[in-house]
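> Let me see the structure of the following:
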Amino acid sequence: MSIRGPQALASLEEAMRDIRREEDELSKRVSRAAERASKIREHEAELFRQLARLRLDPAVQSQLDGEISAAEARARDTLKAHSKDVGKAEKAISALDARRAELTDKRAAAIAALEEQQDQLNALTAVQVEKLAADPAYAAKRAETEELDRIAEQSMRKTEMAEADREEKGRPYREDPLFMYLWDAGFGTSSYKAGNLTRYLDGLVADLVGFAKARPNFAMLNEIPMRLREHAERQEARVTAAEAELAAMEVAAVDAAGGKPLRQAIAAGQTSIETLDAEIARVEDERDAAAEALQILAEGKDPAFEGAAAELAAALGREDIRTLLAEARQTQTGQDDTLVAQIDEARTRLREEEEESREQRERLKTLAARRRELEDIQWEFKKQRFDDPGSSFKEDRLVGDLLNDFLRGGISAASYWDQWRKSQNWAPGSEWGAGYRPTRQSRASNPWPPSGGGFQWPDSSIGGSGRKNKPSSGGFGGGWGGGSSGGGFSRPRTGSSGSRKHGGFKTGGGF
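Alright, predicted model coming up:
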């Protein structure tokens, strides 16, 4: 079961929303855990004050109580300020999420409008090209282009056959180390430079391997494909020029029939989408930075909170406090035992909070890395205009099992993106305009050149074993976001310090 481009992008967007929701939830949990830990320490401090009142003389008790109380008060005040800072950071992220959702909705509306305009232009083009068929000049140019197309295809086929021949028949030469030594040295040619002794020894080697007779054959095996490739490229250039002339005739006919405003509207729509994509990327980067800042706050790593917590912990870890607790454990009074039990319980709760918080912080880091990877994939998806209505994917598992595998870390972002590329197809008629269609197998040019007036068509390349998709610089959605991708992801990032980790994880949000 296949899935259309817009639906596929919507599925990725839904997964992105799930990741962000879980990120937000985890950030809140981590923040609440840090606050609970601080309150547990405050409760522990109160228990120690009570224990000191029972066991210490008033002078020592007063000194200890004052030091603990001072640290506790600073921790309490810092906690209040920390809670406000966390609240502000959470609101900032919510505002950025709302802004991104608004931009995404605008983009969806722009694509819908662009699709409608493209359909109108396609219909108009089909009518005008049918009328052009009766024009002798157009018919002659089309026949010439198709003949050039046929010649170029034959030239490319001959080139590929010669290159395959070179690979197969040249293997014995390349696998002979003595022959290749002489070949690389240029033996028997004007480029050969060697002293008398080396020449003498090389001559013996040449006689041994029959170099004089083998060299011309190997040279011919290499030369023929090169010459054929040059010839095929010249034929390619000729047919490309003819296609441009043919397309210009079609564009002129469409413009004469009132198509120019449509083309201009489509061009403006494409520009608008490019602007929206850039703004979405900017908002995502701003949110990424805000999420990192919130994570620091949530983990209690901001200097004020961290310092106050450390001061209180140090106050409760003093030597005299440890001695007080040890002596209380050795007595059998009911009040001592109750307070000691409560202190032990508080410390157990604190360890549990810290352990749970540590696990949640790791999950939060992994979620952030996965979100950035999904942002990269969405960027490439839109840049390759895979969300074009004429684009589809034969593998619906891409938004099912494979998406879940990616989100859980079972497959890398690069592998997941590669699955998208391999599964993608263009619907019949979406690759080209409504007029001339190429026939040759090596087709790599576009009959609607960028100079044709603002509307181009998805480009493709056909190999010997079938059609292969190729990103276009134009077309419906063509070129949104920039040029074609290379071996990695090309999404620009402004100031993000996030790393891309590929460790496995399983979230609680249905992933």
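
> Show me where this structure has its strands.
Residue ranges of the strands in the chain, as given by DSSP state E, are 3-4, 391-393, 424-426, 460-463, 466-469.

> Of all the residues in the third one, which ones are buried?
Along strand 424-426, the positions that meet the burial threshold by neighbour count (16 or more other Cβ atoms under 10 Å) are 424, 426. Quick note: C-beta positions are derived from backbone N, CA and C, even for glycine.

> pLDDT (mean, whole number) over that strand?
Here strand 424-426 scores 87 as its mean pLDDT.

> so what secondary structure elements neighbour it?
Here strand 424-426 is seen to pack against strand 391-393, strand 466-469 when contacts are counted using 3 or more Cβ pairs under 8 Å, 6 or more residues apart in numbering; DSSP states H and E.

> Mind listing the strands the shortest one pairs with, and their directions?
Yep, that's strand 391-393 we're talking about. Strands adjacent to strand 391-393 in the sheet, as given by DSSP bridges, are strand 3-4 (antiparallel), strand 424-426 (antiparallel).

> what would those look like in TSV with distance to residue 94?
Conversion of the strands paired with strand 391-393 to TSV gives the following (distance: least, Cβ to Cβ, whole Å):
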stretch	distance to residue 94
strand 3-4	31
strand 424-426	35
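
> closest one to residue 360 among those strands?
Between residue 360 and those, the shortest gap by Cβ to Cβ is with strand 3-4, which sits at 34.2 Å.

> can you list the residues that contact that closest one?
11, 389, 391, 392, 393, 396, 398, 399 (Cβ atoms under 8 Å, 6 or more residues apart in numbering).

> Could you find the closest non-adjacent residue to the fifth one?
Think residue 393. Take residue 393 and drop its neighbours on the chain: the residue closest to it by Cβ to Cβ, 6 or more residues apart in numbering is residue 423, 4.4 Å away.

> give me the number of residues near the one you found?
Other residues near residue 423 come to 19 when the count uses other Cβ atoms under 10 Å.

> Enumerate every residue touching it.
Residue 423 makes contact with 393, 394, 395, 398 under the criterion Cβ under 8 Å, 6+ apart.

> and the least confident of these?
When it comes to pLDDT, residue 395 is the least confident member of these, at 82.

> Contact partners for that one?
When the contact criterion is Cβ under 8 Å, 6+ apart, the partners of residue 395 are 2, 402, 419, 423.

> Run a quick neighbour tally on the second one.
It stands for residue 402. The criterion is other Cβ under 10 Å. On that basis, residue 402 has 19 neighbouring residues.

> from what I can see it touches residue 419, true?
Yes. At 5.9 Å, residue 402 counts as touching residue 419 under the criterion of Cβ atoms under 8 Å.

> Residue 151 - nearest residue in space that isn't next to it in sequence?
Counting by Cβ to Cβ, 6+ apart, residue 235 is the residue found nearest to residue 151 once chain neighbours are left out, at 5.7 Å.

> Now for the one you found, how many residues are close by?
Neighbourhood size, residue 235 [other Cβ under 10 Å]: 22.

> ok, so what distance separates it from residue 153?
Distance, residue 235 to residue 153, by Cβ to Cβ, to the nearest Å: 9 Å.

> Also residue 228?
In this structure, residue 228 and residue 153 are 13 Å apart, going by Cβ to Cβ.

> Show me what counts as buried in stretch 413-424.
Neighbour-count burial for stretch 413-424, counted by 16+ other Cβ under 10 Å, picks out 413, 416, 417, 419, 420, 423, 424.

> Tell me which two of these sit farthest apart.
Going by Cβ to Cβ, the pair spanning these furthest: 413 and 424, at 16.9 Å.

> Do me a favour and average the pLDDT over stretch 401-418.
88.

> let me fix that: stretch 256-264
Per-residue scores along stretch 256-264 average to 91.

> Go through that stretch and flag the buried ones.
The neighbour-count check on stretch 256-264 (16+ other Cβ under 10 Å) flags 259, 262, 263 as buried.

> swap in stretch 244-255?
Across stretch 244-255, burial judged by 16+ other Cβ under 10 Å covers 244, 246, 247, 248, 249, 250, 251, 252, 253, 254, 255.

> In helices only, show me the residues you listed.
For the buried residues of stretch 244-255, the ones inside helices are 244, 246, 247, 248, 249, 250, 251, 252, 253, 254, 255, with DSSP state H as the criterion.

> Quick check, pLDDT for the closest residue in space to residue 279 that isn't next to it in sequence.
Leaving out its chain neighbours, the residue that sits closest to residue 279 by Cβ to Cβ, 6+ apart is residue 103, at 5.7 Å. We note a pLDDT of 94 for residue 103 in this prediction.

> If you average pLDDT over each of the helices and strands packed on strand 424-426, which is lowest?
Out of the helices and strands packed on strand 424-426, the stretch the model trusts least by mean pLDDT is strand 466-469, with a mean of 32.

> neighbours around residue 17, how many?
As a burial measure, the neighbour count of residue 17 was computed by other Cβ under 10 Å and equals 14.

> same deal with residue 362?
12.

> Could you do the one 5 residues further on as well?
Residue 367 has 24 neighbours, counted by other Cβ under 10 Å.

> re the thing from before, the contacts of strand 3-4 into CSV, with extra columns for distance to residue 181?
CSV is the format used below for those (distance: Cβ to Cβ, whole Å):
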residue, distance to residue 181
11, 58
389, 59
391, 52
392, 54
393, 51
396, 56
398, 51
399, 56
